[in-house]
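Colleague: Next one to model:
(chains A, B and C)
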Amino acid sequence: MTQSCDAFAAALLVWFDQNGRKHLPWQKMRTPYRVWVSEIMLQQTQVGTVIPYFERFVARFPDVEALAAAEQDEVLHLWSGLGYYSRARNLHAAARRVVTEHRGKLPTDIDAWQSLPGIGRSTAGAILALSRGKRHPILDGNVKRVLCRYHGIETWAGESETGKALWVLAESHTPKRRLAAYTQAIMDLGATVCVRQQPRCRACPLRRGCSAFLNRATDAIPAPRPKKPRPLRRTRFLILRDQDQAVLLERRPPSGVWGGLWGFPECPVEADPARTCAERFGLKPSGASYLKPRQHGFTHFRLQIEPVLLDVNADANADRIMEARSVLWYKGASSNRLGLAAPVGRILGELPPRAGG
DNA sequence: AAAGCGGGGAA
DNA sequence: TTCCCAGCTTT
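Modeller: Residues are numbered from 1 along each chain as shown, chains lettered A, B, ... in the order given. Got it, this is the predicted structure:
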């Protein structure tokens, strides 16, 4: 007798029918395009955060042609606040490639998906399983946690040997039928039951076979990433504000921190802000006030931002500055649809009013 | 304050 | 192949 799936998958599917999430926005009209967008948004971001972004994004770009035709600025604007902006740039670039290279047809095989920017093995497998019911394993953070606990894997999942072993296990548990349900089920279990801290093992359909549960090891598994110290870096944000309360923003380089987003000009903390302002923009500030420094956290370092507010009179120079496409005077969200780096948006909302302005 | 999360690209 | 990078939310 051949069974269509192992005990792991069978228990998971039974659980899913009762407890799985079936009304997420990307589960209505479950087209490959919508599943693709949702999977990219979900890569480093939780469901609750993604939902409003997803709704806005697919309302504006309902299909791959609409996305491909968009300006990058508008794509980044709709992504602004979600983080990891290379996801948005890659999604946009991939949409353009699908239109030019596949005449707008989304791929049906996993290699074609994986050759698109921003799509690796797990994301490609998830898209095909969820939207077309094809048999491919996935291995995202939730699945790694479930498999490490179930199989009692005590090494860190980010280690390459551990990762290989997890892919083999993921493949072996993947059933031959009900691929969309199974794929959603294992993600849902990780997100709602087999959570990192205080997992709800009493509600888990897999506990009878779960090594970590049977050995009371759910606190130790999954093993945490080996941690490294995060150095502190400092930078200055130059906030040039003219007599109409408009603020000068620069487009950041396409790669690196906040790549492609708009932000304040930066200068090293050793430099003189007023002189930098004069040298780079030909504007002589009438005063400089040092605003409260703030810290912004990244994975590998912390950034101390020291904002300096410089009041300038821009009339004579505005045109010359604007000739460069990478600079603009920002008058508020109503007049510009741009992607702003998160701390830039916060600082803009907290600026003190200009005296006599 | 610290940890988590998937993939790209440089080394 | 192996590092290093990215930005927000949750705890």
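
Colleague: For the top helix by length along chain A, name the packing helices and strands.
Modeller: Across chain A, the helix with the greatest residue count (assigned by DSSP state H) is helix A:86-101. Contacting helix A:86-101 under the criterion 3 or more C-beta pairs under 8 Å, 6 or more residues apart in numbering; DSSP states H and E are the following elements: helix A:32-42, helix A:64-69, helix A:72-79. Every C-beta, even on glycine, is put in place using the N, C-alpha and C of the backbone.

Colleague: Out of these, the one nearest A:Leu261 is which?
Modeller: Set against A:Leu261 and scored by C-beta to C-beta, those come closest in helix A:72-79, at 6.1 Å.

Colleague: List the buried residues in the longest helix of chain A.
Modeller: Residues A:87-95, A:98-99 are the ones in helix A:86-101 that count as buried (16 or more other C-beta atoms under 10 Å).

Colleague: From DNA strand C, how far off is A:Val247?
Modeller: 18 Å (C-beta to the nearest atom of the strand, to the nearest Å).

Colleague: Ok, A:Thr235 next?
Modeller: 12 Å.

Colleague: Same check on A:Pro222?
Modeller: 15 Å.

Colleague: Correct me if wrong, but that residue is in a helix.
Modeller: No - judged by DSSP: H, G, I helix; E, B strand; the rest coil, A:Pro222 forms no part of a helix; its state is coil.

Colleague: For it, which non-adjacent residue is spatially closest?
Modeller: Distances taken as C-beta to C-beta, 6 or more residues apart in numbering place A:Cys148 nearest to A:Pro222, at 4.3 Å, with adjacent residues excluded.

Colleague: now the helices for the stretch 251-357 of chain A?
Modeller: A:273-281, A:315-322, A:342-350 (DSSP state H, counting those that start in this stretch).

Colleague: Can I get these in a markdown table including distance to A:Gln27?
Modeller: Below are those laid out as a markdown table (distance: least, C-beta to C-beta, whole Å):
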| stretch | distance to A:Gln27 |
| --- | --- |
| helix A:273-281 | 50 |
| helix A:315-322 | 45 |
| helix A:342-350 | 29 |
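
Colleague: what's the least confident stretch among those helices?
Modeller: Across those, helix A:315-322 has the smallest mean pLDDT, namely a mean of 59.

Colleague: So which residues on the stretch 101-250 of chain A come close to DNA strand C?
Modeller: Contact residues, the stretch 101-250 of chain A versus DNA strand C (C-beta under 7 Å from any atom of the strand): A:160, A:195, A:197.

Colleague: wait, which of those residues is closest to A:Leu24?
Modeller: Looking across these and measuring by C-beta to C-beta, the closest to A:Leu24 is A:Val195, at 17.8 Å.

Colleague: How many neighbouring residues does that closest one have?
Modeller: Using other C-beta atoms under 10 Å, A:Val195 has 14 neighbouring residues.

Colleague: my read is it is in a helix, agree?
Modeller: No - using three-state DSSP, the secondary structure at A:Val195 is coil, not a helix.

Colleague: could you check the distance from it over to A:Cys204?
Modeller: 11 Å (C-beta to C-beta, to the nearest Å).

Colleague: With A:Leu291 instead?
Modeller: 49 Å.

Colleague: In terms of neighbours, single out the busier of the two.
Modeller: In this view A:Leu291 and A:Cys204 are compared by other C-beta under 10 Å, and A:Cys204 has more residues nearby, 21 against 16.

Colleague: low-confidence ranges in chain A?
Modeller: Low-confidence segments of chain A (pLDDT under 70): A:1-5, A:227-230, A:316-325, A:333-336, A:356-357.

Colleague: Quickly list the domain ranges of chain A.
Modeller: A:1-136+A:174-183, A:142-170+A:193-227, A:232-350 (automatic domain parsing).
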